[in-house]
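S.K.: A structural model of the following input is requested.
(one chain, ligands or ions: 1)
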Amino acid sequence: MVFHVLSLFPQMVAGCMDFSVIKRAVESGLVTLDCIDIRAFSSSKRSQADDAPYGGGAGMVMSAQPIVAACASAKEKSKEAPVIYLSPRGEPFTQRMAEELARESALILLCGHYEGIDERALEEIGAREVSIGDFVLTGGEIAAMAVMDSVSRLVPGVLGKEESHQFDSFSDGLLEYPQYTRPPVFMGREVPEVLLSGHHKNVDSWRRKQSLAITLKRRPDLLEKADLGKSDLKYLSELGYKKGMGSALKGIITVIGKDQMGIIARVCTFLSGEGINILDISQTIVQGYFTMMMIVDLDSVSKRFEELAESLRVLGEEIGVQAKLQHEDIFNSMHRI
Ligand code: 4GO
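M.R.: Residues are numbered from 1 along each chain as shown. Here you go, the predicted model:
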(Lines give C-alpha, C1' and ligand atoms only; values in the text may rest on other atoms or scores of the structure.)
Protein backbone atom coordinates (compact mmCIF):
# COMPACT_ATOMS: atom_id res chain seq x y z
CA MET A 1 0.00 0.00 0.00
CA VAL A 2 1.38 3.39 -1.04
CA PHE A 3 0.02 6.56 0.54
CA HIS A 4 0.64 9.80 -1.35
CA VAL A 5 -0.17 12.66 1.02
CA LEU A 6 -0.61 16.10 -0.55
CA SER A 7 -0.10 18.82 2.05
CA LEU A 8 1.13 22.36 2.58
CA PHE A 9 2.85 21.06 5.73
CA PRO A 10 4.34 17.68 4.75
CA GLN A 11 6.53 17.66 7.88
CA MET A 12 3.38 17.22 9.96
CA VAL A 13 2.88 13.82 8.36
CA ALA A 14 6.44 12.73 7.52
CA GLY A 15 7.26 10.98 10.81
CA CYS A 16 3.87 9.46 11.48
CA MET A 17 4.90 5.95 10.40
CA ASP A 18 8.10 5.80 12.41
CA PHE A 19 6.66 3.97 15.39
CA SER A 20 5.32 0.65 16.56
CA VAL A 21 3.36 -1.68 14.31
CA ILE A 22 3.25 0.70 11.32
CA LYS A 23 7.01 1.29 11.48
CA ARG A 24 7.52 -2.47 11.02
CA ALA A 25 5.07 -2.45 8.10
CA VAL A 26 7.09 0.33 6.42
CA GLU A 27 10.37 -1.49 7.07
CA SER A 28 9.04 -4.68 5.54
CA GLY A 29 7.83 -2.80 2.46
CA LEU A 30 4.11 -3.48 3.00
CA VAL A 31 3.34 0.22 3.47
CA THR A 32 5.01 3.27 1.91
CA LEU A 33 4.49 6.92 2.80
CA ASP A 34 5.12 9.55 0.13
CA CYS A 35 4.64 13.12 1.39
CA ILE A 36 4.17 15.67 -1.37
CA ASP A 37 4.59 19.39 -0.73
CA ILE A 38 1.76 21.16 -2.57
CA ARG A 39 3.65 24.48 -2.52
CA ALA A 40 6.45 22.97 -4.64
CA PHE A 41 3.94 22.65 -7.50
CA SER A 42 2.86 26.29 -7.50
CA SER A 43 3.54 28.08 -10.76
CA SER A 44 3.31 31.52 -9.13
CA LYS A 45 6.31 33.75 -8.41
CA ARG A 46 6.48 33.28 -4.67
CA SER A 47 5.25 29.68 -4.75
CA GLN A 48 1.96 30.97 -3.44
CA ALA A 49 -0.60 28.23 -2.83
CA ASP A 50 -3.54 30.17 -1.37
CA ASP A 51 -5.53 33.32 -2.02
CA ALA A 52 -8.50 35.34 -0.72
CA PRO A 53 -11.95 33.83 -1.27
CA TYR A 54 -14.12 35.14 -4.12
CA GLY A 55 -17.28 36.63 -2.67
CA GLY A 56 -15.40 37.82 0.38
CA GLY A 57 -15.22 36.43 3.87
CA ALA A 58 -12.52 35.59 6.34
CA GLY A 59 -9.41 33.51 5.75
CA MET A 60 -7.71 32.06 2.70
CA VAL A 61 -8.62 29.40 0.16
CA MET A 62 -6.10 26.95 -1.30
CA SER A 63 -5.63 27.61 -5.03
CA ALA A 64 -6.58 25.00 -7.60
CA GLN A 65 -3.41 25.06 -9.74
CA PRO A 66 -0.81 23.70 -7.27
CA ILE A 67 -3.24 21.05 -6.03
CA VAL A 68 -4.09 19.74 -9.49
CA ALA A 69 -0.36 19.69 -10.39
CA ALA A 70 0.62 17.93 -7.14
CA CYS A 71 -2.13 15.39 -7.69
CA ALA A 72 -0.96 14.76 -11.27
CA SER A 73 2.51 14.03 -9.92
CA ALA A 74 1.08 11.45 -7.49
CA LYS A 75 -1.02 9.93 -10.32
CA GLU A 76 2.16 9.46 -12.37
CA LYS A 77 3.46 7.18 -9.65
CA SER A 78 0.12 5.48 -8.90
CA LYS A 79 -2.20 5.68 -11.92
CA GLU A 80 -5.19 3.86 -10.46
CA ALA A 81 -5.11 5.40 -6.98
CA PRO A 82 -8.36 6.98 -5.78
CA VAL A 83 -8.08 10.55 -4.51
CA ILE A 84 -9.49 11.26 -1.07
CA TYR A 85 -10.07 14.76 0.25
CA LEU A 86 -10.38 14.93 4.04
CA SER A 87 -13.16 17.29 4.97
CA PRO A 88 -15.87 17.66 7.63
CA ARG A 89 -18.49 17.62 4.87
CA GLY A 90 -17.28 14.24 3.56
CA GLU A 91 -18.79 10.78 3.67
CA PRO A 92 -18.28 9.34 7.18
CA PHE A 93 -15.14 7.21 7.48
CA THR A 94 -15.99 3.80 8.93
CA GLN A 95 -14.33 0.44 9.47
CA ARG A 96 -16.15 -0.75 6.36
CA MET A 97 -14.58 2.06 4.31
CA ALA A 98 -11.16 1.22 5.78
CA GLU A 99 -11.62 -2.39 4.60
CA GLU A 100 -12.61 -1.17 1.14
CA LEU A 101 -9.62 1.20 0.89
CA ALA A 102 -7.21 -1.48 2.13
CA ARG A 103 -7.94 -3.43 -1.08
CA GLU A 104 -6.41 -0.62 -3.19
CA SER A 105 -2.68 -0.66 -3.93
CA ALA A 106 -2.32 3.11 -3.45
CA LEU A 107 -4.28 6.08 -2.11
CA ILE A 108 -3.84 9.80 -2.71
CA LEU A 109 -4.83 11.79 0.38
CA LEU A 110 -5.38 15.49 -0.09
CA CYS A 111 -5.12 17.69 3.01
CA GLY A 112 -6.70 21.11 3.01
CA HIS A 113 -5.89 24.04 5.29
CA TYR A 114 -7.43 27.44 6.12
CA GLU A 115 -10.95 27.76 4.67
CA GLY A 116 -10.50 24.78 2.37
CA ILE A 117 -9.80 24.20 -1.32
CA ASP A 118 -11.06 25.84 -4.52
CA GLU A 119 -14.01 23.64 -5.52
CA ARG A 120 -12.75 23.38 -9.11
CA ALA A 121 -9.63 21.53 -7.98
CA LEU A 122 -11.80 18.95 -6.21
CA GLU A 123 -13.93 18.52 -9.35
CA GLU A 124 -10.89 18.30 -11.64
CA ILE A 125 -9.14 15.57 -9.64
CA GLY A 126 -12.38 13.68 -8.92
CA ALA A 127 -11.82 13.67 -5.17
CA ARG A 128 -13.95 11.52 -2.88
CA GLU A 129 -14.67 13.58 0.22
CA VAL A 130 -14.24 11.71 3.47
CA SER A 131 -14.74 12.85 7.08
CA ILE A 132 -13.29 11.16 10.15
CA GLY A 133 -16.01 12.61 12.40
CA ASP A 134 -18.30 15.52 13.07
CA PHE A 135 -15.71 18.02 14.19
CA VAL A 136 -13.52 20.63 12.52
CA LEU A 137 -9.72 20.52 12.35
CA THR A 138 -7.36 23.30 11.23
CA GLY A 139 -6.03 20.99 8.53
CA GLY A 140 -6.74 17.63 6.92
CA GLU A 141 -3.37 16.12 7.94
CA ILE A 142 -4.54 14.59 11.22
CA ALA A 143 -7.56 13.10 9.46
CA ALA A 144 -5.31 11.69 6.72
CA MET A 145 -3.07 10.14 9.38
CA ALA A 146 -6.10 8.52 11.04
CA VAL A 147 -7.21 7.06 7.69
CA MET A 148 -3.69 5.81 6.87
CA ASP A 149 -3.31 4.17 10.26
CA SER A 150 -6.59 2.30 10.14
CA VAL A 151 -6.10 1.26 6.50
CA SER A 152 -2.47 0.15 7.08
CA ARG A 153 -3.37 -2.25 9.84
CA LEU A 154 -5.78 -4.01 7.45
CA VAL A 155 -3.11 -4.55 4.78
CA PRO A 156 -2.41 -8.31 4.81
CA GLY A 157 0.72 -9.07 6.81
CA VAL A 158 0.85 -5.78 8.74
CA LEU A 159 -0.65 -7.27 11.88
CA GLY A 160 0.79 -10.57 13.05
CA LYS A 161 -1.37 -13.47 14.21
CA GLU A 162 -0.98 -12.01 17.68
CA GLU A 163 -2.57 -8.68 16.75
CA SER A 164 -5.22 -10.11 14.45
CA HIS A 165 -7.99 -7.71 13.59
CA GLN A 166 -10.76 -10.25 13.17
CA PHE A 167 -12.00 -9.57 16.69
CA ASP A 168 -11.78 -5.77 16.48
CA SER A 169 -14.49 -3.47 17.72
CA PHE A 170 -16.85 -2.93 14.77
CA SER A 171 -15.75 -5.96 12.72
CA ASP A 172 -18.86 -7.73 14.04
CA GLY A 173 -20.61 -4.42 14.69
CA LEU A 174 -20.06 -4.48 18.47
CA LEU A 175 -17.69 -2.64 20.80
CA GLU A 176 -14.75 -4.48 22.34
CA TYR A 177 -14.92 -6.28 25.67
CA PRO A 178 -12.49 -5.08 28.40
CA GLN A 179 -8.93 -6.44 28.45
CA TYR A 180 -6.70 -7.27 31.43
CA THR A 181 -3.06 -8.24 31.91
CA ARG A 182 -0.86 -8.97 34.93
CA PRO A 183 -0.90 -8.45 37.88
CA PRO A 184 -4.09 -10.27 38.97
CA VAL A 185 -4.76 -7.56 41.58
CA PHE A 186 -3.92 -3.90 40.89
CA MET A 187 -4.60 -1.28 43.61
CA GLY A 188 -7.23 -3.58 45.04
CA ARG A 189 -8.95 -4.18 41.68
CA GLU A 190 -9.18 -7.82 40.66
CA VAL A 191 -9.17 -9.32 37.20
CA PRO A 192 -12.58 -10.97 36.55
CA GLU A 193 -12.30 -14.54 37.84
CA VAL A 194 -13.52 -16.21 34.66
CA LEU A 195 -10.45 -14.92 32.77
CA LEU A 196 -8.15 -16.76 35.19
CA SER A 197 -10.18 -19.98 35.02
CA GLY A 198 -8.69 -21.30 31.79
CA HIS A 199 -12.21 -22.32 30.74
CA HIS A 200 -12.26 -21.06 27.14
CA LYS A 201 -15.96 -21.48 26.53
CA ASN A 202 -16.83 -19.47 29.63
CA VAL A 203 -14.25 -16.82 28.69
CA ASP A 204 -15.79 -16.47 25.20
CA SER A 205 -19.31 -16.20 26.57
CA TRP A 206 -18.22 -13.64 29.22
CA ARG A 207 -16.50 -11.53 26.56
CA ARG A 208 -19.51 -11.65 24.24
CA LYS A 209 -21.77 -10.49 27.08
CA GLN A 210 -19.36 -7.69 27.99
CA SER A 211 -19.35 -6.55 24.33
CA LEU A 212 -23.13 -6.57 24.19
CA ALA A 213 -23.51 -4.72 27.50
CA ILE A 214 -21.00 -1.99 26.66
CA THR A 215 -22.47 -1.54 23.18
CA LEU A 216 -25.97 -1.21 24.66
CA LYS A 217 -24.72 1.36 27.17
CA ARG A 218 -22.56 3.49 24.89
CA ARG A 219 -23.68 2.92 21.30
CA PRO A 220 -27.17 1.36 21.22
CA ASP A 221 -27.40 2.53 17.59
CA LEU A 222 -24.79 -0.11 16.65
CA LEU A 223 -27.04 -2.92 17.92
CA GLU A 224 -29.62 -2.18 15.22
CA LYS A 225 -27.15 -3.28 12.52
CA ALA A 226 -25.02 -5.77 14.46
CA ASP A 227 -24.87 -9.43 13.60
CA LEU A 228 -26.75 -10.82 16.62
CA GLY A 229 -27.63 -14.41 17.43
CA LYS A 230 -30.52 -15.75 19.46
CA SER A 231 -28.52 -15.92 22.69
CA ASP A 232 -27.26 -12.34 22.14
CA LEU A 233 -30.85 -11.07 21.86
CA LYS A 234 -31.86 -13.05 24.93
CA TYR A 235 -29.05 -11.48 26.96
CA LEU A 236 -29.78 -7.99 25.61
CA SER A 237 -33.45 -8.27 26.52
CA GLU A 238 -32.40 -9.19 30.09
CA LEU A 239 -30.52 -5.87 30.09
CA GLY A 240 -33.68 -4.06 29.02
CA TYR A 241 -32.94 -3.73 25.32
CA LYS A 242 -35.83 -3.56 22.90
CA LYS A 243 -35.49 -3.59 19.14
CA GLY A 244 -35.43 -0.07 17.78
CA MET A 245 -34.08 1.41 21.03
CA GLY A 246 -30.98 2.62 19.24
CA SER A 247 -32.77 4.15 16.26
CA ALA A 248 -31.40 7.54 15.45
CA LEU A 249 -34.75 8.99 14.53
CA LYS A 250 -37.69 8.33 16.81
CA GLY A 251 -41.03 10.00 16.79
CA ILE A 252 -43.78 10.34 19.37
CA ILE A 253 -47.35 10.04 18.18
CA THR A 254 -50.21 11.14 20.36
CA VAL A 255 -53.86 10.59 19.48
CA ILE A 256 -56.64 12.04 21.62
CA GLY A 257 -60.37 12.46 21.04
CA LYS A 258 -63.82 11.11 21.77
CA ASP A 259 -63.74 7.31 21.85
CA GLN A 260 -65.08 5.56 18.81
CA MET A 261 -64.59 2.37 16.84
CA GLY A 262 -61.54 1.85 14.64
CA ILE A 263 -59.17 4.61 15.74
CA ILE A 264 -56.29 2.22 16.42
CA ALA A 265 -56.92 0.32 13.18
CA ARG A 266 -56.92 3.51 11.06
CA VAL A 267 -53.75 4.88 12.68
CA CYS A 268 -51.91 1.55 12.45
CA THR A 269 -52.86 1.10 8.78
CA PHE A 270 -51.51 4.58 8.08
CA LEU A 271 -48.24 3.86 9.90
CA SER A 272 -47.56 0.56 8.18
CA GLY A 273 -48.33 2.19 4.83
CA GLU A 274 -45.61 4.76 5.51
CA GLY A 275 -43.10 2.12 6.64
CA ILE A 276 -43.18 3.33 10.24
CA ASN A 277 -42.34 0.74 12.85
CA ILE A 278 -44.13 0.95 16.22
CA LEU A 279 -41.63 0.48 19.05
CA ASP A 280 -43.94 1.00 22.00
CA ILE A 281 -47.58 1.83 22.55
CA SER A 282 -49.90 2.70 25.39
CA GLN A 283 -53.63 3.31 25.09
CA THR A 284 -56.40 4.04 27.59
CA ILE A 285 -59.86 5.52 27.75
CA VAL A 286 -60.17 8.39 30.26
CA GLN A 287 -63.83 9.16 31.04
CA GLY A 288 -64.85 8.33 27.49
CA TYR A 289 -61.87 10.05 25.89
CA PHE A 290 -59.55 7.97 23.78
CA THR A 291 -55.84 8.58 24.47
CA MET A 292 -52.95 6.83 22.80
CA MET A 293 -49.22 7.39 22.81
CA MET A 294 -46.78 5.60 20.53
CA ILE A 295 -43.01 5.63 20.14
CA VAL A 296 -42.17 5.02 16.50
CA ASP A 297 -38.98 4.31 14.59
CA LEU A 298 -38.55 6.74 11.70
CA ASP A 299 -35.13 5.46 10.52
CA SER A 300 -36.48 3.70 7.43
CA VAL A 301 -39.05 6.32 6.46
CA SER A 302 -38.49 8.03 3.14
CA LYS A 303 -40.92 10.96 3.50
CA ARG A 304 -39.90 14.24 5.09
CA PHE A 305 -40.82 14.55 8.76
CA GLU A 306 -43.06 17.60 8.27
CA GLU A 307 -44.91 15.91 5.42
CA LEU A 308 -45.53 12.85 7.56
CA ALA A 309 -46.73 14.93 10.50
CA GLU A 310 -49.15 16.74 8.18
CA SER A 311 -50.57 13.49 6.71
CA LEU A 312 -51.14 12.18 10.22
CA ARG A 313 -52.88 15.41 11.24
CA VAL A 314 -55.19 15.14 8.21
CA LEU A 315 -55.94 11.50 9.03
CA GLY A 316 -56.86 12.57 12.58
CA GLU A 317 -59.26 15.18 11.22
CA GLU A 318 -60.93 12.52 9.05
CA ILE A 319 -61.45 10.22 12.03
CA GLY A 320 -62.45 13.09 14.31
CA VAL A 321 -59.48 12.92 16.71
CA GLN A 322 -56.36 14.99 17.23
CA ALA A 323 -53.35 13.07 15.94
CA LYS A 324 -49.88 14.52 16.32
CA LEU A 325 -46.39 13.42 15.36
CA GLN A 326 -43.45 15.02 17.15
CA HIS A 327 -39.70 14.51 17.16
CA GLU A 328 -38.46 12.62 20.21
CA ASP A 329 -35.66 15.23 20.36
CA ILE A 330 -38.20 17.91 21.27
CA PHE A 331 -39.10 16.04 24.42
CA ASN A 332 -35.47 15.40 25.27
CA SER A 333 -34.53 19.06 24.90
CA MET A 334 -37.60 20.15 26.93
CA HIS A 335 -36.36 17.80 29.64
CA ARG A 336 -32.94 19.45 29.62
CA ILE A 337 -34.42 22.93 30.08
C1 4GO B 1 -11.17 16.99 7.94
C2 4GO B 1 -10.54 18.18 7.62
C3 4GO B 1 -12.19 18.04 9.79
C4 4GO B 1 -12.01 16.92 9.03
C5 4GO B 1 -10.78 19.28 8.42
C6 4GO B 1 -12.72 15.67 9.38
N7 4GO B 1 -11.59 19.18 9.50
N8 4GO B 1 -13.68 15.72 10.28
N9 4GO B 1 -10.28 20.51 8.17
O10 4GO B 1 -12.41 14.63 8.81
C11 4GO B 1 -10.38 22.03 4.95
C12 4GO B 1 -9.64 23.01 5.77
C13 4GO B 1 -10.68 20.85 5.80
C14 4GO B 1 -9.31 22.37 7.06
C15 4GO B 1 -9.70 20.94 6.95
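S.K.: if I pick Met171, what's in contact with it?
M.R.: In this structure residue 171 is Ser, not Met. Ser171 makes contact with Gln95, His165, according to Cβ atoms under 8 Å, 6 or more residues apart in numbering. In short, each C-beta sits where N, CA and C put it, glycine included.
S.K.: what strand or helix carries it?
M.R.: Element membership of Ser171 [criterion: DSSP states H and E] is none; it lies in no helix or strand.
S.K.: just give the number of residues close to Val191.
M.R.: Number of residues near Val191 (other Cβ atoms under 10 Å) recorded here: 15.
S.K.: no, scratch that, I was asking about Thr138
M.R.: A count of nearby residues for Thr138, using other Cβ under 10 Å, gives 9.
S.K.: kindly report the same for Ile276.
M.R.: 23.
S.K.: avg pLDDT for the longest helix along the chain?
M.R.: With secondary structure taken from DSSP state H, the chain has its longest helix at helix 200-218. Helix 200-218 carries an average pLDDT of 98.
S.K.: what lies in contact with that helix?
M.R.: Contacts of helix 200-218 with the rest of the structure, by Cβ under 8 Å, 6+ apart, involve 174-178, 192, 194-195, 197, 222-223, 226, 232, 235-236, 239, 241.
S.K.: which residue ranges of the stretch 1-150 of the chain form helices?
M.R.: Ranges of helices in the stretch 1-150 of the chain, per DSSP state H, counting those that start in this stretch, are 11-14, 20-27, 64-77, 95-102, 119-125, 141-152.
S.K.: quick one: list the elements packing against the fourth one.
M.R.: Pointing back at helix 95-102 there. Packing partners of helix 95-102 (3 or more Cβ pairs under 8 Å, 6 or more residues apart in numbering; DSSP states H and E): helix 141-152.
S.K.: ok, Val83 - how many residues close by?
M.R.: For Val83, the count of nearby residues is 18 (other Cβ under 10 Å).
S.K.: if I look at it, how far off is Leu110?
M.R.: Applying Cβ to Cβ, to the nearest Å, the value for Val83 to Leu110 is 6 Å.
S.K.: for Leu239, same thing?
M.R.: As judged by Cβ to Cβ, Leu239 and Leu110 stand 44 Å apart.
S.K.: compare these two (neighbour count), which wins?
M.R.: Remark: of Leu239 and Leu110, Leu110 carries more neighbours, 29 against 11, as counted by other Cβ under 10 Å.
S.K.: the more buried one bridge partners, please.
M.R.: The partner list for Leu110 in beta bridges (DSSP bridges) reads Leu6, Tyr85.
S.K.: quick one on the thing from earlier: out of the helices of the stretch 1-150 of the chain, deepest packed?
M.R.: For the helices of the stretch 1-150 of the chain, average neighbour numbers computed from mean count of other Cβ atoms under 10 Å are highest in helix 141-152, which has a mean of 21.
S.K.: mind giving me the packing neighbours of that one?
M.R.: Contacts defined by 3+ Cβ pairs under 8 Å, 6+ apart place helix 141-152 against strand 2-7, helix 11-14, helix 20-27, strand 83-92, helix 95-102, strand 106-110, strand 128-131.
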